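Engineer: Let's see this in three dimensions:
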Amino acid sequence: MKARAAVADGAGFWSLEEVEVGAPGPGEVLVEMRAAGICHTDHASLCWGRPLVMGHEGAGVVLAVGEGVNAVSVGARVVLNWAVPCGVCPQCGRGDAVLCERTRPARVLERTEGHARAEGTLWRGVPVERSFNLGTLSTHTLVRAEAVTAIPESVPWASACIVGCGVMTGFGSVVNAAKVTAGSSVVVLGCGGVGLNVLQGARIAGATVRIAVDARKGALENARRFGATHGILSDAGDVEFEGLMAQVQALTGGRGADYAFEATSVPALAFAPLRLVRDGGMALQVSGINDGVRVPMPWFMWNKTYVTPLYGGCVPGRDFPRIFGHYGRGELLLDELVTRTYRLEELGAAMADMLEGRNAKGVVVF
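Structural biologist: Numbers count the residues shown, from 1 in each chain. The predicted structure is shown next:
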């Protein structure tokens, strides 16, 4: 089947190309994409050193299934996840599908057996990989059955697709990784797509003090819609976070927050959460920063925990129905997260709007 796709060249550029998507083999599913979310990882994928079909957030309709696929059938509405478990390795056996040792979902710079099988997707007559084994910025994609989860009929496509990464990462980091408790205090640095879902997760978990930090006044105003009880405008000159720490402490009885989350993708802020939590508190870096960063060891005192959770500890069969359940009861906002939709031909504008911070979430609708 011929498909239209955004293909990264590995050297910083992308183009719209025709690709050939094969029929599903055993354990595979062919999906006609209806919507694909845009995030900073998609921009980073332009420079991963090899061509690939872009995109890792998506939702669509199952067109065909391969031998042995029973979980979904033709016509099913599905959301895709990029932590595709093998189901048999030690990590999958202990319930950590995001750390699968065979598909290795986080090792996006490595060539592993988890990427597209050779005959699955062709570009210019040769095999091409799909970003995170998905390649959602394409009219059609071929994925393993473990990568799809059925979604309710009531969820719009644009709202459904962002659950596949941005919503899951923020929400899951709160409920699965941090296990935020009722009555606690939470601060989040960055009020983009992931940060807003940290706030939503904290509200649903029962945290009573939920502090949003951002350099943009508009972002702080928007954060209150998603659950922030307080907003702090960050100061670029506060490089040691002394001023920010004082403001957070003033809002938390002088102690510091119980939990602090970084959701900016800014390397200089990777360890900032350590400055904002109380002794024994938990600091989490959830934006996936890969740059080398230095940190003063005293920031870890006393008994603070620093965690870099992957994909919010996603277990699709458990977490996606839970998220859609919260959405259906009006407890978690999805529609409101989508600032703007684009056609695939407008991907350049979608990327620019994301990089300039104009969107909470931008979504390509097919």
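Engineer: can you list the domains in this protein?
Structural biologist: The record's domain parsing of the chain by automatic domain parsing lists 2-150+334-365, 167-310.
Engineer: now for those domains, which one comes closest to residue 320?
Structural biologist: Residue 320 lies closest to domain 2-150+334-365 among the domains of the chain, at 4.6 Å (Cβ to Cβ). Placement of C-beta: from N, CA and C, glycine included.
Engineer: I'd like the mean pLDDT over the closest one, please.
Structural biologist: Averaging pLDDT along domain 2-150+334-365 gives 90.
Engineer: what's the distance between that domain and the middle of its chain?
Structural biologist: Domain 2-150+334-365 sits 13 Å away from the centroid of its parent chain (Cα atoms, centre = their mean, to the nearest Å).
Engineer: same deal with stretch 304-318?
Structural biologist: In terms of Cα atoms, centre = their mean, the centre of stretch 304-318 is set 11 Å apart from its chain centre.
Engineer: Buried residues in that stretch, which are they?
Structural biologist: Of the residues in stretch 304-318, 304, 306-307, 309-316 count as buried by neighbour count, 16 or more other Cβ atoms under 10 Å.
Engineer: what do you get for stretch 141-159?
Structural biologist: By 16+ other Cβ under 10 Å, the buried positions in stretch 141-159 come out as 141-151, 155, 157-159.
Engineer: that older thread, and which of the buried residues of stretch 304-318 is nearest residue 200?
Structural biologist: Among those, and counting by Cβ to Cβ, the member closest to residue 200 is residue 312, at 12.0 Å.
Engineer: unless I'm mixing things up, that closest one is touching residue 172, no?
Structural biologist: Yes. Here residue 312 lies in contact with residue 172, judged by Cβ atoms under 8 Å, at a distance of 1.9 Å.
Engineer: overlap in contacts of those two?
Structural biologist: With contacts taken as Cβ atoms under 8 Å, 6 or more residues apart in numbering, residue 312 and residue 172 have residue 319 as neighbours in common.
Engineer: Please name the residues that touch residue 63.
Structural biologist: Neighbours of residue 63 in contact, by Cβ under 8 Å, 6+ apart: 30-32, 74, 140.
Engineer: Filter these down to just the ones in strands.
Structural biologist: Judged by DSSP state E, the contacts of residue 63 include 30-32, 140 as members of strands.
Engineer: which among the residues you listed gets closest to residue 209?
Structural biologist: residue 31 (41.4 Å).
Engineer: so who does the nearest residue to the closest one once chain neighbours are set aside touch?
Structural biologist: Nearest residue to residue 31 in three dimensions, chain neighbours excluded: residue 60, at 4.5 Å (Cβ to Cβ, 6 or more residues apart in numbering). Residues in contact with residue 60 (Cβ under 8 Å, 6+ apart) are 31-35, 77-78, 80, 141, 157, 366.
Engineer: picking up where we left off before, export the buried residues of stretch 304-318 as TSV, with columns for secondary structure.
Structural biologist: As requested, the buried residues of stretch 304-318 are exported to TSV (DSSP: H, G, I helix; E, B strand; the rest coil):
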residue	secondary structure
304	coil
306	strand
307	strand
309	coil
310	coil
311	helix
312	helix
313	helix
314	coil
315	coil
316	helix
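Engineer: can I get those residues in a markdown table with pLDDT and distance to residue 275?
Structural biologist: As requested, the buried residues of stretch 304-318 are exported to a markdown table (pLDDT from 0 to 100; distance: Cβ to Cβ, whole Å):
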| residue | pLDDT | distance to residue 275 |
| --- | --- | --- |
| 304 | 98 | 10 |
| 306 | 98 | 11 |
| 307 | 97 | 16 |
| 309 | 95 | 19 |
| 310 | 92 | 23 |
| 311 | 93 | 25 |
| 312 | 95 | 23 |
| 313 | 93 | 25 |
| 314 | 92 | 28 |
| 315 | 89 | 32 |
| 316 | 90 | 34 |
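Engineer: Dump these into a markdown table; add distance to residue 262 as well.
Structural biologist: Converted to a markdown table, these look like this (distance: Cβ to Cβ, whole Å):
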| residue | distance to residue 262 |
| --- | --- |
| 304 | 14 |
| 306 | 10 |
| 307 | 11 |
| 309 | 11 |
| 310 | 14 |
| 311 | 16 |
| 312 | 14 |
| 313 | 17 |
| 314 | 19 |
| 315 | 23 |
| 316 | 25 |
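Engineer: which one of the residues you listed sits closest to residue 69?
Structural biologist: Nearest to residue 69 out of the buried residues of stretch 304-318 is residue 316 (Cβ to Cβ; 15.2 Å).
Engineer: quick one: that closest one and residue 149 touch, right?
Structural biologist: Yes. Look at residue 316 against residue 149 with Cβ under 8 Å: they come within range, at 4.7 Å.
Engineer: any shared contact partners between those two?
Structural biologist: Common contacts of residue 316 and residue 149 (Cβ under 8 Å, 6+ apart): residue 81.
Engineer: which residues of the stretch 1-150 of the chain fall in strands?
Structural biologist: Taking DSSP state E, counting those that start in this stretch as the test, the strands found in the stretch 1-150 of the chain are 2-8, 14-21, 28-38, 52-53, 59-65, 77-80, 121-123, 126-127, 129-130, 140-144, 148-150.
Engineer: mind putting these in a markdown table, distance to residue 283 included?
Structural biologist: Putting the strands of the stretch 1-150 of the chain into a markdown table (distance: least, Cβ to Cβ, whole Å) gives the following:
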| stretch | distance to residue 283 |
| --- | --- |
| strand 2-8 | 33 |
| strand 14-21 | 35 |
| strand 28-38 | 27 |
| strand 52-53 | 33 |
| strand 59-65 | 32 |
| strand 77-80 | 30 |
| strand 121-123 | 40 |
| strand 126-127 | 42 |
| strand 129-130 | 34 |
| strand 140-144 | 34 |
| strand 148-150 | 30 |
